[in-house]
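**Student:** quick one, what's the 3D model for this:
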Amino acid sequence: MTDSRKMKIDRDHIYVMQILFAVGITIASQSLDLENKHKWALNFARYVMYLLTVQASKPVCIELYEILYNKRKLDAQGFFSKANRTQAMMYAGSVAVIYLNDKKLYAEDFPFVFMAYLAVKYPEVATSTKVAVTYGMGMACSFIEGYLVHVVLPDGGTIKGLQDKIRAFEANNGVIFPVKRLFIIVTKSMHCPPDLKEFNDKSDREDVNRLEACLPLEEVIKDVAGVKNRNYKNSAYKIMRPNKKPVYIAAECATPLHTLYRVMKNRHLYEAIADVKVEDIVSDFVGTLRTVLAKSPEFKKTCELVCFDDTDENSNLSDVLLDKIRELEPNFEEFINRAK
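**Tutor:** Presented below is the predicted three-dimensional model:
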């Protein structure tokens, strides 16, 4: 039996034991009036709604904190996509039961339930000194320290940083990058194609923007972790626009998510993590990456995360990138027109 299978069986057994424990307490206390089934069902629905409300308060507060303190934009679609559908249906059903019985949704006892939960939770918060590292957090740290450090930051010697490599590309090719940052594409499906042109509009229309690969930026060759002359390089792309000059950018997909994509495709080989929630891993990866990049003065000016829904057939990566460029540099057209 695999470890993941054993853990699931253990969780199921413990859950059944909790149910039996609750039934035992209820019978022993003789507090359940089975003759009044209507009142019993109403109270059950009310407390299910209470618990789900208290449980939902944490992710809501986390989202508000990220918006207020880390200046992150609200991603309503991403936020609701992480919600447990079964629990959402339970909440809706409980609300319906209470509403159809002409009762208040949140009665006078709800504040006490909420405050009691927070009081019980406080010792755990106060004594917690270590944060559990999740798969997503580890992926983000590995991506930053194992890759971005080498391709983005200069070493103070002969190895150029990303912005200097972009300037060299501009000088050699007579073009201008309106935003001298590495655009890191986070796809919804986690799929990362060899060429970003696969995310172009799938129609044959000539009036749409399209990505085309250019020559790569100057490569970085360095000795890393026992590997001699290891090679790192970034790709340059140009966004071809009808009746306008192309827009040059440095862009690539977030490769750790591509690795996760392949792992999920081969779940039979990785049984230990076969049951993980991929959405949580991606959320932790993006959240950690965004936080670290924002805290680092060097990365803050040289890296930009771009979320792209590649599952939407009507979505065009070129348009998403242009919107991000316009957000970072509203006058980017003027910069482009300076090119020879």
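
**Student:** from here on, just use CA atoms for contacts and neighbour counts.
**Tutor:** Will do.

**Student:** strands along the stretch 151-300 of the chain, start to end?
**Tutor:** Counting by DSSP state E, counting those that start in this stretch, the stretch 151-300 of the chain has strands at residues 182-187, 210-213, 220-224, 227-232, 236-241, 244-253.

**Student:** export the ones you listed to TSV and tack on mean neighbour count and distance to Ser283?
**Tutor:** Output for these, formatted as TSV (neighbours: other CA atoms under 10 Å; distance: least, CA to CA, whole Å):
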stretch	mean neighbour count	distance to Ser283
strand 182-187	22	11
strand 210-213	21	27
strand 220-224	14	29
strand 227-232	12	27
strand 236-241	20	27
strand 244-253	21	16
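
**Student:** ok, which of these comes nearest Lys160?
**Tutor:** strand 220-224 (7.9 Å; CA to CA).

**Student:** Ala45: neighbour count?
**Tutor:** Neighbourhood size, Ala45 [other CA atoms under 10 Å]: 20.

**Student:** nearest residue to it other than its sequence neighbours?
**Tutor:** The spatially closest residue to Ala45, leaving aside those adjacent along the chain, is Ser94, at 4.6 Å (CA to CA, 6 or more residues apart in numbering).

**Student:** the one you found contacts Asn43, doesn't it?
**Tutor:** No - counting by CA atoms under 8 Å, Ser94 stays clear of Asn43, with 9.7 Å between them.

**Student:** compare those two (neighbour count), which wins?
**Tutor:** Neighbour count, other CA under 10 Å: between Ser94 and Asn43, Ser94 has more, with 22 against 15.

**Student:** tell me the helix or strand right after the helix or strand that contains that one.
**Tutor:** In the assignment (DSSP states H and E), Ser94 maps to helix 85-100. As assigned by DSSP H and E, the chain's next helix or strand after helix 85-100 is helix 110-127.

**Student:** name the residues of that following helix that come out as buried.
**Tutor:** Phe110, Phe114 (16 or more other CA atoms under 10 Å).

**Student:** how about it as CSV, C-alpha atoms only?
**Tutor:** Output of helix 110-127 as CSV, limited to C-alpha atoms (Å, rounded to 0.1, in the frame of the first residue of the first chain):
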residue,chain,number,x,y,z
PHE,A,110,-23.5,33.8,15.7
PRO,A,111,-21.1,36.4,17.2
PHE,A,112,-20.4,34.1,20.1
VAL,A,113,-19.7,31.2,17.8
PHE,A,114,-17.3,33.3,15.9
MET,A,115,-15.6,34.8,18.9
ALA,A,116,-15.3,31.3,20.5
TYR,A,117,-13.6,30.1,17.4
LEU,A,118,-11.1,33.0,17.4
ALA,A,119,-10.4,32.4,21.1
VAL,A,120,-9.7,28.8,20.5
LYS,A,121,-7.5,29.6,17.5
TYR,A,122,-5.5,32.3,19.3
PRO,A,123,-3.0,30.0,21.2
GLU,A,124,-2.2,28.3,17.9
VAL,A,125,-1.5,31.6,16.2
ALA,A,126,0.4,33.0,19.2
THR,A,127,2.7,30.0,19.6
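
**Student:** and that helix, how far from the chain's centre?
**Tutor:** Mean-position distance between helix 110-127 and its chain equals 28 Å (CA atoms, centre = their mean, to the nearest Å).

**Student:** ok, stretch 206-214 next?
**Tutor:** With CA atoms, centre = their mean, you get 27 Å for stretch 206-214.

**Student:** quick revisit: which of the strands of the stretch 151-300 of the chain has the lowest mean pLDDT?
**Tutor:** Lowest mean pLDDT within the strands of the stretch 151-300 of the chain: strand 220-224, a mean of 82.

**Student:** what sits up against it?
**Tutor:** With CA atoms under 8 Å, 6 or more residues apart in numbering as the test, strand 220-224 has contacts from His150, Val151, Ile159, Lys160, Lys228, Asn229, Arg230, Asn231, Tyr232, Lys233.

**Student:** may I ask which helix or strand of the protein has the lowest mean pLDDT?
**Tutor:** None of the helices or strands of the chain scores lower by mean pLDDT, DSSP states H and E than helix 76-81, at a mean of 68.

**Student:** where is the longest helix in this protein?
**Tutor:** Looking across the chain with DSSP state H, the single longest helix is helix 37-69.

**Student:** and it with helix 110-127, angle?
**Tutor:** Helix 37-69 runs at 50 degrees relative to helix 110-127, counting by axes from the mean of the first three to the mean of the last three CA atoms, to 10 degrees.

**Student:** so what's the residue nearest the centre of the chain closest to, chain neighbours aside?
**Tutor:** Centre of the chain computed as the mean C-alpha position; nearest residue by CA atoms, centre = their mean is Ser283, 3.0 Å away. Distances taken as CA to CA, 6+ apart place Gly136 nearest to Ser283, at 7.2 Å, with adjacent residues excluded.

**Student:** no more questions from me, cheers.
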